[in-house]
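Visitor: below are the sequence and a predicted model; questions follow.
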Amino acid sequence: MRVNGEPVVLDVPPQVSLLDGLRDRLGLTGPKKGCDQGACGACTVLADGERIVSCLALAVQYEGREITTIEGVASLPDGAALQREFIRRDGFQCGFCTSGQICSAIGMLAERDSDAPPTRDEIREGMSGNLCRCGAYNGIVDAIEEVAT
Amino acid sequence: MRTFSYVRADDVDAALRAITDEPNAKFLGGGTNLVDLMREDIERPDTVVDITRLPLAEVEELPDGGVRIGALLRNSHLAAHPVIRSRYPMVAQAVLSGASGQLRNMATVGGNLMQRTRCLYFYDDAAACNKREPGSGCAAIGGFSRSHAVLGASASCAATHPSDLCVALAALDAIVELRSSRGTRRVPLVDFHRMPGDTPEIETVLADDELITAVELPPPPSGVSRYRKVRDRASYAFALVSVAAALDVQDGVVSSIRLALGGVGTKPWRAYQAERALLGAPATEESFRAAARAELADAVSLPHNEFKIRLAESTIVAVLRGMS
Amino acid sequence: MTAIGQAFDRVDGAIKTTGAAKFSADQTYPGLAHAALTHASTARGRITEIDTTDATRVPGVLAVITHHNAPKMKMPSVGLMPPVFGTTVVCLNTDEVHWDGQPVAVVVAETQEAARAAAARVRVSCSPLPSAVDFSTAEAKPQKNSMLQAGSARKGDALAALESAPVAVDREFTTPPHNHNAIEPHTTTAVWDGDRLTVHEPTQNIGGVRRTLSAAFGVPIDKIRVVSEHVGGGFGGKGLVWPGTILAVLAARVTGRPVRLVLTREGVYRTVGGRTPSVQRVAIGADREGRMTSLVHTSVTRVGRTGGGPEGVTIQSSHLYDARNILLRQNIAEVDLLANTFMRAPGEAIGTFALESTVDELAHELHMDPIDLRMRNEPTRDPIGDKPFTRRNLRAAYELGAKEFGWEQRTPQPRSMRDGQWLIGWGVATAFHPPVHLVANASLRFSTDGTALLRCGFHEMGMGAATAQAQITADALGIPFEAVRVEHGDSSLPAGPMAGGSNQTGSVAAAVHTLAPKLRRALGGEISVEALARKRKPYVEVSIGADSPLGRATGQARLMSKFLRDRRKGVRAVTGAQFCEVRVDADTGEIRVSRWVGAFDCGTVINPKTAASQLRGGIVLGIGAALSEETLVDPRTGRIMNPSLAEYHLPVHADVPEIDVHWLDEPDPTMPAGLLGVGEVGVTGAAAAVANAVFHATGKRVRDLPITLDKVV
Ligand SMILES: Cc1cc2nc3c(=O)[nH]c(=O)nc-3n(C[C@H](O)[C@H](O)[C@H](O)COP(=O)(O)OP(=O)(O)OC[C@H]3O[C@@H](n4cnc5c(N)ncnc54)[C@H](O)[C@@H]3O)c2cc1C
Ligand code: SF4
Ligand code: FES
Ligand code: FES
């Protein structure tokens, strides 16, 4: 597969999740494990530009795909802008959910087929797969809205 | 997770061969349910057959005005498809009300049909559960039963089928296409899932070596349609009650009605009794309520899910009122 | 221009938005092995057999450790202040099971996958012992008074006054157990080098981890280094040491390898305590003008038989209303469940729900505006102890909040505001939290390049602590914010306070304020590059406290005397007014919080950006408690049945509206820089504001959290 634009070989047994493959084998610790159950979104990465939860993805299933983690998003459309606005609008506190929030925001904006900027409610609904226990939700929505408009 | 081997199938024949040849094998779609359950040690396949690369991810328009949806189409792509959005908006709404953006990008149509219950005791291998371990009992009876069914439950099991998509498919008379080495068969979605009875471990009519290849929708019913989901938070939660409805009213009288319920039945619940009560009745709040009551007349509740009977009634009424 | 009061971006923004910040599970070591836990699934019992054959056979397994082969460990003595460990059970040193979920084996393997697979294959048989796990039927006993918390308090004869009050409401409330659910699970990476131990651990209590491990493994404290640079959320759940930490260190000791143990989400639920459930009674008597003659608040909460502490459910009730007679009493039931622990705003989070709901009920009885009723009973001195408030301007907070919210537009009658299918309700409640104040060691250095370095082992779990301390230091030294660097989260730094009770910012600020004049003196009266050049040194550094046995004992003494001195000064608390609008679907009862305004009297605000986030974060947690959060403990077995983020419903993006927060920005005269901690107050009053708004929308009073839709349809 390719990870953040580089070809990589990830030779792991089938029970290894993409998340553990990225973190333990490739040393990409930006994606986080919050639940390992698909329920928090902290492990969100992009697979061929689409956001997925990497904890429920078996690494072997993604052979040949293009994976982008938070470490590689700066070069994507909206990536660097989101990173900047998350800081400016205080879209995080502890920062543990942040990699997932930013990757998810990139994926969500790419999924839209309308040119009109998203409403705040649309952002909220679209981002609801990313929990933030610190409650930085307002700042996150501010940051995404800023980048999307 | 236990160790298992992984086989990737590139075409349908290879998938069918693998599922027959490998002992204790299971198909792997998006993995959003299977991987979770394997990690919980509840599903224990020795082999998983990855079918995500099968060429079954298209939406095809059929000559009769219906559509054929490939079983490996991702939920998000289904919801975004222009034909689905314009002609079967209820399907798109149902899909978009389920899970999260990330999960919908992974989950497949076939996997969504096959996902297993979220009953808390099914998920806990320390608890008695007839579905997980036939004959062991049902810890949900006398336990936490908020998520459980009020329709179709048996003494062995009252678990709900958690899918949103299936509720819309039930309302739309969808047909599920199944393939095995023995050939192809077509089963109405309403007959695809089984009532728990004494064998809650057998959830569908799918044979172990059968593959879901497609779901077909007949031409959409006339009138307006809607999917409405009621849950414990504003998003990212399973339904307490959901309603899929298609309604046509001519001269104040219900001329066509499709109604299916989620969250209240042990399977995606087509509300035939309510439909019968409504067809030809005046499109009024009173008829809607009477129809809802007819459907729920046989409802049986557990200690924590009694509210679903009232909630299902009021949600049905609200949805139909909003459409008429 | 001073740095305090400016909305600087967080100093850790760049690393946290690029994935570069290394959390405890991101630390790698050569030869790192992975551990996983096996949990008992009996409430109480004795292990009769533990079969590790299958587990040992899993390829890659290095060790399966159970009570049969685990080395002996010891817990530190109880009664330390502040407390350091969660449960008294030394897991794997006993064949007794004290709660459902107690770890009974730890597996170490080459990979995470192998460790987890093997842990699932350890078979445990238990013979059950009698147990009491059902809180609703457990016997409760009055809580004793301690130095830390009063179990009861009284003024006059509140029960008699209640009897004779012209108007009275007397209500019972329940709140369920909650779990912290920091998105980062508890994680320990342990590395032994001879008898030196390094532990990477997300903790709110570096000192506590060190102390516990020192006792458990019989190693002197100074041989133990605890690193905790970034904590992925704590909320109290990382305040004490729980079994996973000890077992990871044990696994590393037994295998001789660096070991990482990341608890599964289920593992967090099974081994880290949460907030106790409560049953509360609040009764208020008043005259027809709304002057309170009697206030009664009693509570029952639970502790585990092997750990946990009393929950100060009634604390706010001794400070909020000038009732002529007051009776407060807390009761405790002991059960065979995992120890409870503090969770963001322990006590007040759930205590204000009952109190502030009842005040709203009284206002309704009296046909009086609920703010008006509160202001008629606003005390000038502390109602019970008659001590002064160090500051209290709740009136101004209410005025500010009411104006921002548009409260005067509210029509008082329930169900009187509607927008199509939505019933609209506006609710209000008082927020109250008394931040504690601890002590910190720290050092401060000034270097030839004009920069200052503050070193203090405090904890950064998202409060923006490093950023705030840089601002405080900048002003204390009269240098720009950008010239200050802060090192934190490491026991090799001077010891910081534990992060809890909203103390940290103030406690560290006090150290900075002690150090700044010291540094100035050391530089000959002026902090400047020129002054340093005259000293002919690369830097000058001053410090307080020492990491030696004497230093630690002195620290403990400083802490106690500060605690007692503080108490004499009077009652110090953050207060505030929480306003919320809910929309309730008339057909389905679905509740959406659609608007929020919080106005707080919280002392000086160091950084408006991060303080606002802290307040909002608290409110979000309060919204969760109000509407959806509940840990389901099966009363038949004592087992938590929803140990999962899919089934324990934290608020998601779609549940949270714009939260508008305001503050008075008036300094507290008794605190360094005038600041009070804002980490917890946002939670308080929030659930009551929602409940009051739901009543206003629907006419239904819900007294049992969470307010799920079935309770309002
Ligand atoms: C946190 C969370 C929240 C969720 N919320 C919702 C929700 O609100 N609403 C909702 O509807 N769903 C929800 N889901 C469930 C999700 O929709 C399902 O997990 C998903 O649809 C399953 O699809 P999959 O392709 O990932 O299936 P997999 O996990 O790959 O497979 C599931 C099962 O289907 C079988 N299978 C898959 N494809 C085929 C096929 N073509 N033929 C035969 N058998 C097949 C597999 O063998 C397996 O047994 C949620 C899931 C999670 C984790
Ligand atoms: S309701 Fe069904 S799934 Fe749930 S415990 Fe009972 S048998 Fe198992
Ligand atoms: S870790 Fe993948 S969704 Fe939580
Ligand atoms: S910033 Fe801490 S969980 Fe989101």
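Guide: Happy to help now that I have it. Numbers count the residues shown, from 1 in each chain, chains lettered A, B, ... in the order given. Ligands and ions are numbered 1, 2, ... in the order given.

Visitor: next, count neighbours for whatever residue of the stretch 101-250 of chain B ends up closest to ligand 1.
Guide: The minimum distance from the stretch 101-250 of chain B to ligand 1, using CB to the nearest ligand atom, falls at residue B:111 (2.1 Å). Placement of C-beta: from N, CA and C, glycine included. Residues lying near residue B:111 (other CB atoms under 10 Å in any protein chain shown) number 25.

Visitor: how close does it get to residue A:27?
Guide: Distance, residue B:111 to residue A:27, by CB to CB, to the nearest Å: 31 Å.

Visitor: list the contacts of residue 124.
Guide: You didn't pick a chain, so chain A it is. With contact set as CB atoms under 8 Å, 6 or more residues apart in numbering or on different chains, residue A:124 has these partners: A:137, A:141, B:235, C:653, C:654, C:656.

Visitor: that was the other one, I meant chain C.
Guide: Listed by CB under 8 Å, 6+ apart, the contact set of residue C:124 reads C:38, C:40, C:41, C:47, C:49, C:50, C:51, C:104, C:105.

Visitor: same check on residue B:99?
Guide: A:38, A:129, B:32, B:75, B:107, B:236.

Visitor: cross-check the residues you listed against ligand 3 and keep the overlap.
Guide: residue A:38 (CB under 6 Å from any ligand atom).

Visitor: which PyMOL command selects the buried ones in the contacts of residue B:99?
Guide: Filtering the contacts of residue B:99 down to the buried ones (16 or more other CB atoms under 10 Å in any protein chain shown) takes a single PyMOL command:
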select buried, (chain A and resi 38+129) or (chain B and resi 32+75+107+236)
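
Visitor: turn the contacts of residue B:99 into a markdown table, including pLDDT, secondary structure and distance to ligand 2.
Guide: Formatted as a markdown table, the contacts of residue B:99 follow (pLDDT from 0 to 100; DSSP: H, G, I helix; E, B strand; the rest coil; distance: CB to the nearest ligand atom, whole Å):
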| residue | pLDDT | secondary structure | distance to ligand 2 |
| --- | --- | --- | --- |
| A:38 | 98 | coil | 20 |
| A:129 | 98 | coil | 25 |
| B:32 | 98 | coil | 19 |
| B:75 | 98 | helix | 24 |
| B:107 | 98 | coil | 21 |
| B:236 | 97 | coil | 22 |
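
Visitor: am I right that the residue of the stretch 101-250 of chain B closest to ligand 1 sits in a helix?
Guide: Yes - under DSSP: H, G, I helix; E, B strand; the rest coil, residue B:111 sits within a helix.

Visitor: in stretch C:115-124, what's buried?
Guide: For stretch C:115-124, a neighbour-count test (16+ other CB under 10 Å) marks C:115, C:116, C:117, C:118, C:119, C:120, C:121, C:122, C:124 as buried.

Visitor: which SSE is residue A:109 in?
Guide: Take DSSP states H and E as the rule and residue A:109 turns out to sit in helix A:98-111.

Visitor: mind giving me the packing neighbours of that helix?
Guide: Applying 3 or more CB pairs under 8 Å, 6 or more residues apart in numbering or on different chains; DSSP states H and E, we find helix A:98-111 packed against strand A:44-47, strand A:50-53, helix A:79-88, helix A:120-126, helix A:137-148, helix B:101-106, helix C:13-17.

Visitor: which of those sits closest to ligand 3?
Guide: The nearest among the helices and strands packed on helix A:98-111, by CB to the nearest ligand atom, is strand A:50-53 at 4.2 Å.

Visitor: which other helices and strands does the closest one contact?
Guide: Counting contacts by 3+ CB pairs under 8 Å, 6+ apart, strand A:50-53 packs against strand A:44-47, helix A:98-111, helix B:101-106.

Visitor: tell me where the stretch 551-700 of chain C has strands.
Guide: Counting by DSSP state E, counting those that start in this stretch, one finds strands in the stretch 551-700 of chain C at the ranges C:574-585, C:591-601, C:659-663.

Visitor: doesn't residue C:106 belong to a helix?
Guide: No - counting by three-state DSSP, residue C:106 is not part of a helix but strand.

Visitor: can I get the helices and strands packed on strand A:50-53 in a markdown table including distance to ligand 3?
Guide: Below are these laid out as a markdown table (distance: least, CB to the nearest ligand atom, whole Å):
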| stretch | distance to ligand 3 |
| --- | --- |
| strand A:44-47 | 7 |
| helix A:98-111 | 8 |
| helix B:101-106 | 7 |
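
Visitor: figure out which of the ones you listed is closest to residue C:249.
Guide: Proximity to residue C:249 (CB to CB) singles out helix A:98-111 among the helices and strands packed on strand A:50-53, at 28.2 Å.

Visitor: which residues touch the residue in the stretch 101-250 of chain B positioned nearest to chain A?
Guide: Nearest residue of the stretch 101-250 of chain B to chain A: residue B:235, at 3.7 Å (CB to the nearest CB). Counting by CB under 8 Å, 6+ apart, residue B:235 makes contact with A:124, A:125, A:128, B:100, C:652, C:653, C:654, C:655.

Visitor: burial check on the nearest residue to the second one once chain neighbours are set aside, number of neighbours?
Guide: Taking CB to CB, 6 or more residues apart in numbering or on different chains as the measure, residue A:125 lies nearest to residue C:654, with 5.3 Å between them; neighbours along the chain are not counted. Look at residue C:654: counted by other CB under 10 Å, it has 20 neighbours.

Visitor: could you do residue C:553 as well?
Guide: Neighbours of residue C:553 under the rule other CB under 10 Å: 10.

Visitor: what do you get for residue C:2?
Guide: Neighbours around residue C:2, by other CB under 10 Å: 11.
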